[in-house]
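Asker: Give me a model of this one.
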Amino acid sequence: MSDYHLNKLLFDTAGRHRMVESIADEAELAPYDLTAEEREALRDGDLARLYELGANPYLIRRVFRPRFKI
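Answerer: Prediction:
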């Protein structure tokens, strides 16, 4: 499991002040050692699965803010 790389990707994305529905760009994912399951969850914007895979809930909320309904 590469939850470090998953969280590093989310941290880096949040640091660029990006809010997205999903992260599907292979060039953006390439620098990180992610499992196929993590890549799929990022491409699908599957927030529950990202959490199950070890993504930090704060980073999920910060990066995928458009997916949350108020």
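
Asker: How about the secondary structure of T13?
Answerer: Following DSSP: H, G, I helix; E, B strand; the rest coil, the label given to T13 is helix.

Asker: who's in contact with it?
Answerer: Contact analysis of T13 by CB atoms under 8 Å, 6 or more residues apart in numbering lists 20, 23, 63. Bear in mind the C-beta positions are built from the backbone N, C-alpha and C, glycine included.

Asker: I'd say the last one and S22 touch.
Answerer: What that stands for is V63. No - applying CB atoms under 8 Å, one finds V63 not in contact with S22, separated by 10.0 Å.

Asker: of these two, who's got more company?
Answerer: A count of neighbours by other CB atoms under 10 Å puts V63 above the other of V63 and S22, at 26 against 14.

Asker: ok, so what distance separates that one from L42?
Answerer: Distance of V63 to L42, computed by CB to CB, to the nearest Å: 10 Å.

Asker: cool, S22 as well?
Answerer: S22 sits 7 Å away from L42, going by CB to CB.

Asker: and if you look at V20?
Answerer: Distance from V20 to L42, by CB to CB: 9 Å.

Asker: Those two: which is more packed in?
Answerer: Set side by side, V20 and L42 show more neighbours around L42, with 28 against 16, by other CB under 10 Å.

Asker: Nearest residue to that one in space, please, no chain neighbours.
Answerer: Excluding the flanking residues, the one nearest L42 by CB to CB, 6 or more residues apart in numbering is I23, at 4.4 Å.

Asker: With N7 instead?
Answerer: N7 sits nearest to N56 (CB to CB, 6+ apart), 5.3 Å away.

Asker: I'd say the one you found and Y4 touch.
Answerer: No - using CB under 8 Å, N56 makes no contact with Y4, being 10.8 Å away.
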